[in-house]
Every structure is written in C-alpha cells, then in structure tokens.
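> okay, sequence plus prediction incoming.
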Amino acid sequence: MIKGLLALIAVVGLALMSCGEAAAQKGTAPAILAGPLAKLDIKPAQIDTARGTPKGTLTVAMHFALDPGWLDVLEHSYAVTQQMYDYLVHDAMIKPMPYGYVTYGLAEQAELAADFRRAAFRLRPGLKFHDGQPVTAADVKWTYENFKGAYAKVFHDKLEYVQIPDDRTIVFHFKEPFIDFMDLYNGGVSGIGWIVPKHYYEKVGRDGFKARPIGAGPYKLVSQQAGVQMVFEAFEDYWRRSPATKTIVVKGVRDLTARMAGLQTGELDLAFGMTGKLMPRLMADANLRWDPNFTGPWWLIFPGYNESGNPFRDKRVRQAISLAINRSFLVKQETQGIGKPWGNWISPENRDALQGAEAPVPEYNVEKAKQLMAQAGVPDGFEFEYVPFPPYFDMGERILTDLRAIGLRGKMQTLEGPAFRAKIGQGRKGFPGNRTIAQNIDPRAGGAKANVAVYAVCGSSASFVCEPQIEALWTKHQASLDQQERERLIKAIQRILLDEYYFVPIYWNPFVHAVGPRVLPEGRAVSRYWDTLNAPYPWPWEIWEVKADR
C-alpha cells in the first residue's frame, strides 16, 4: 500500500523538536545523560505478552539470486535489500516498524544531548542472541567499532569514545555535534545499529559468520544454498513476541514466469517484483492477492558524466535523454497504470524530498530532444551501455527503444541482483568506461539527506556526483543545527541534481508483491504486512501468519 501519503510526510519519526532538562524521554526511567536533552519522537515497542506457538511454513521468492553477504550487518551495503535479512536474523537498537517511523527495538530508552555531542541507549533486560548468550552493551560497542558498511566513515570520523556504565547502558561521545546520529543509527538507514554477538563473530570470523550467522532477531538461519535458498526457523525466545510462522524459506527466483507459476501451484506463498507482462494475469487470479507496495522512483545515472570524453558530460545530452522517455507509456506497460510518472529521484515518503509543484514530471518531447542532441554536436547519437536494475530487463528494453528515437543505441548488460548492487555500492568505480547509463531505485529511510549522502556527495564510496556547488551546500547542511536551514539546503541540492539532469527520474514504482491462499489473514486484510514506512519488503517477519502445514 502507499505507506506515506504525500500530504502526511510532515509526520516524521525522529524529530529534534525541543530541549529540556535531563530526564528520560518518557519521564518514567532515570536519565542516562546529565544536562539538557533533545526531545526525540521514538515510538514504544509493541510487545505481545501472550506468546503463542509458531506454526506453518512461508515460502518466499526473491526476484534475484541470494547473497550470503547480506547476512553480515558489519559489511552492510547501501542496498535496502539487505534489510530484509536484518529483520529476519538480527535486531536493531531503534528501527522502523508499522507503528512508527522510528521505534524502540533492543533499546528501551534513548537520549541525545541538546548539543548533539553525546547519545545514549539502555538495553531492555533479558535480551538473548540465538545461542542463548545475553545481548550486552559490549556487543553494541563492538558492533559500532567494527562496522565497515554504509555510512561507516561518518560514524567513525565523528566518534571520540564509547562509554559503558553497565551491561545494559552505552554512551557515545562525539568529537563535534552529530545532529544526524539518531537518523543514521536507525536500522532503516544503516546497518550499524543492528547488533551482532562479539563472542561469536570473533570465534568464527567473517566467512564463518556469513555461512552461519547468529543474531538477536526473530528467526535463526538453519541452512543455506548459496544464491539459491535460505531456510530460517523461529527463535521462540525473541523478546517482542513469538514469531507466528515456524519456518521461512527464501528462494532466489529471477524469472517472473517461474514466480507466477509458483504462486499458482502453491509452491510459493509470497513473491516479489510482480510488475511487467504477467501483472494482468496476477490481477485476474481470484486465488491470489497483491499489494502495490509503492517504494521509490526509478532514475537514471550517468557514471563518470563529468570526465573528459564522456558524451554525457554535456547537459543537453542528459536533458535529451529525459525528454525522450515516455514515462506514461512505461507506467502503463510495466505497472498497468498503477505507477506514477515522477519528477524526483527520492521517494515522496522521505521527508524533505521535493515533490509536486517543486518537482514536476519531466516533459516528453522527442523533437526537442533531437534538437538538443544536434546542439550538443551528436545529431546522429552514439552507442552506449545500459545497465538495468535486475531483473527489470523488459523495462530496460522499453527505455532503450525510447532512446533509439534520438539516435542513442544502447547495449544492455544484464547482471544478477548481488552483482548489480555491488556495482552501485562502488559508485563511479563500479562502472568503468565513459558511456554507461545505469538504472537505479532506492527507497531508503532517513530523509532526503540520506539519499544525497549516498549518491551525490564527493566523500561517499557510492557517489555518482561530485560537484563544487553541491559540496558547498552539503558542508553548510552538515554544520547547521537549524532544522529549517537544513531542510532548505537539502532541497537546494535536489534542485541542482534535477535541473542539471545529473539524475533523471522516471516513475514512482509500485514494487508489487503477491501472496497465495495459504497466507493469513484472508482477503484484503493481508495488506497490513506492507504498513512499514519506506520499506520495500514486508517486514517485520515475526507477524506473518500462514495456515498450518498439511
């Protein structure tokens, strides 16, 4: 479902609203930090004390091959796909849930000093990893200090030292104000807040952990066949509730026809990425249910656009590409008209994202595009390589057809999901050569600044844009403690990215998911599984219910 209606984006999960004297956020627990605190809007966890017995098997089809690396949060990639496994095996200090953009997880209390130079958490009592060992503040500290994934440089550069007053309490001290800490530490944004067991990781090492990870989440990995299948079983000591489903089997099924057949035969209970040519069949099948699951916009990237010899260096070429794309036709063909042509590359569910009149849908005008190509000195076009987001290869072919109308002759490079995400995670370095267009989508949480920080600033390992004008605005944004100024600056950066066609948005994507008859509850009530804001996948997994195995 559309989880964040456009008019409601002002309801943010973690807002720095005011400062008060040192006191716990709810006023019921003793404060951790001395002095004034920023007020945080973190929702309490919803805990089910009537613990039931897990039953049944949920068989899930991913739309690409599986990657064991997704099980290791210490090397968390920028790809939000990895969060599907975070929510299965691990647990975070704070995280998005259906009942809040930011909610308490392993932590039962969080505080941020009013000067943004200290942050503190208190773990809830009785937490256990899958091997029965307790989750302690030492594990939180070790995870932070050994984290190598998304935003790692920011976290490590800002940190002065970590203090552990007791086994359940941890205090982070920063070298300078770190206003974005709680946003970035949120499990929906980075992997550093998903806690791994120090004792186990040090024992088995990096490769051993990927093969058989242990976490504090609702499910334990019991087996995996690399790239093909992973099997998870309920962890009945999970603190929030007993998982409803006993076994979750995740399969990598790239072929859309195979996913559809699996749903219809009952081999699969849940399948992702059901847009495209078989969507009419899905919509017509009375035994299947589906959710539009709007995530983020599709957008085009031009790796190395600012380098000598790159034909995309000329803004007129990038603008011509935008003009040549028939967004309305793509929406009709790929989503049966459910998708929405869009004028920004950042999800409208992300706060501070330009949308509506601030980012109108780009014009479709082939003749104007041809004129721009001629003005740029390439009236006959040129050859290039097109790298679509897997497995949306049919969509890629349709975009190549549009671009051929202005002389751009693309050769498609098809990759498996893990390989594509690895390339995107390297930014410009992931796409050697100077004639490539890549297609991406990223509905990450954390506000528009999180998207900009990943893809559009010079210091990011996944960046595709490095522009002095943007860097100047970003430096001011990072130094500012004024929320209104920060919003203005991040919107100004988006305006540059769109006006210069560094990124070309296409349409807001309904990442359609389909479920079979074994999934409970009956009827349309099944849409409750897609209530988490900014979530491309239907987590949390512990609430999924299925009919008992026969």
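Arrived safely, thanks for sending.

> what are the ranges of the strands in the stretch 51-200 of the chain?
57-62, 94-97, 100-104, 107-113, 118-123, 159-166, 169-174 (DSSP state E, counting those that start in this stretch).

> run through who's touching the second one.
Spelled out, that is strand 94-97. Here strand 94-97 makes contact (Cβ atoms under 8 Å, 6 or more residues apart in numbering) with 13, 42-43, 45-46, 87, 102-105, 107, 110, 182, 185-188, 193, 445, 532-535, 540. Heads up, the C-betas are built off the backbone N, CA and C, glycines and all.

> could you break this structure into its assigned domains?
For the chain, automatic domain parsing gives the domain ranges 6-242+512-546, 296-510.

> of the strands of the stretch 51-200 of the chain, which is nearest Thr81?
Nearest to Thr81, of all the strands of the stretch 51-200 of the chain, is strand 57-62, at 8.2 Å by Cβ to Cβ.

> got JSON lines for the domains of the chain, with distance to Gly273 and mean pLDDT too?
Listed next are those as JSON lines, based on distance: least, Cβ to Cβ, whole Å; pLDDT from 0 to 100:
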{"stretch": "domain 6-242+512-546", "distance to Gly273": "4", "mean pLDDT": "91"}
{"stretch": "domain 296-510", "distance to Gly273": "7", "mean pLDDT": "97"}
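
> could these go into JSON lines alongside mean neighbour count and distance to Thr275?
Output for the domains of the chain, formatted as JSON lines (neighbours: other Cβ atoms under 10 Å; distance: least, Cβ to Cβ, whole Å):
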{"stretch": "domain 6-242+512-546", "mean neighbour count": "19", "distance to Thr275": "5"}
{"stretch": "domain 296-510", "mean neighbour count": "19", "distance to Thr275": "5"}
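
> doesn't Pro280 belong to a helix?
Yes. Membership of Pro280 in a helix is supported by DSSP: H, G, I helix; E, B strand; the rest coil.

> ok, now which ones touch the nearest residue to it once chain neighbours are set aside?
Distance criterion Cβ to Cβ, 6 or more residues apart in numbering; nearest residue to Pro280, sequence neighbours excluded, is Gln336 at 6.4 Å. By Cβ under 8 Å, 6+ apart, Gln336 lies in contact with Met279, Pro280, Met283.

> among those, which one lies nearest to Asn293?
Met279 (12.8 Å).

> settle this for me: that closest one is touching Val512, isn't it.
Yes. Counting by Cβ atoms under 8 Å, Met279 does reach Val512; the two are 6.7 Å apart.

> got any residues that touch both of the two?
Listed contacts common to Met279 and Val512 are Thr335; contacts here mean Cβ under 8 Å, 6+ apart.

> could I get the pLDDT score of Lys277?
pLDDT, Lys277: 88.

> how close does it get to Tyr392?
12 Å (Cβ to Cβ, to the nearest Å).

> narrow the contacts of strand 94-97 to those in helices?
Tyr87, Met182, Tyr185 (DSSP state H).

> export the domains of the chain to JSON lines and tack on distance to Leu268?
JSON lines is the format used below for the domains of the chain (distance: least, Cβ to Cβ, whole Å):
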{"stretch": "domain 6-242+512-546", "distance to Leu268": "5"}
{"stretch": "domain 296-510", "distance to Leu268": "16"}
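
> OK, contacts around Lys43?
Counted by Cβ under 8 Å, 6+ apart, Lys43 has contacts Gly13, Met97, Tyr99, Gly100, Tyr101, Val102, Thr103, Tyr104.

> what is it paired to in the beta sheet?
Legend: beta-bridge partners of Lys43 under DSSP bridges are Thr103.

> any idea how far it is from Lys95?
10 Å.

> then Gly252?
Counting by Cβ to Cβ, the gap from Gly252 to Lys95 is 25 Å.

> just the C-alphas of stretch 153-171, formatted as PDB.
Extracted in PDB, the C-alpha atoms of stretch 153-171 (Å, rounded to 0.1, in the frame of the first residue of the first chain):
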ATOM      1  CA  LYS A 153      33.200   6.700   7.600                       C
ATOM      2  CA  VAL A 154      30.800   9.200   9.000                       C
ATOM      3  CA  PHE A 155      30.200   7.100  12.200                       C
ATOM      4  CA  HIS A 156      33.900   6.500  12.800                       C
ATOM      5  CA  ASP A 157      35.100  10.100  12.000                       C
ATOM      6  CA  LYS A 158      32.500  11.600  14.400                       C
ATOM      7  CA  LEU A 159      33.200   9.200  17.300                       C
ATOM      8  CA  GLU A 160      35.500  10.300  20.200                       C
ATOM      9  CA  TYR A 161      35.000   7.400  22.500                       C
ATOM     10  CA  VAL A 162      32.400   4.900  23.800                       C
ATOM     11  CA  GLN A 163      31.500   4.600  27.500                       C
ATOM     12  CA  ILE A 164      29.800   1.500  29.100                       C
ATOM     13  CA  PRO A 165      28.500   2.400  32.500                       C
ATOM     14  CA  ASP A 166      27.000  -1.100  32.900                       C
ATOM     15  CA  ASP A 167      26.000  -4.100  30.800                       C
ATOM     16  CA  ARG A 168      22.800  -2.500  29.600                       C
ATOM     17  CA  THR A 169      23.900   1.100  29.100                       C
ATOM     18  CA  ILE A 170      26.100   2.600  26.400                       C
ATOM     19  CA  VAL A 171      27.100   6.300  25.800                       C
END
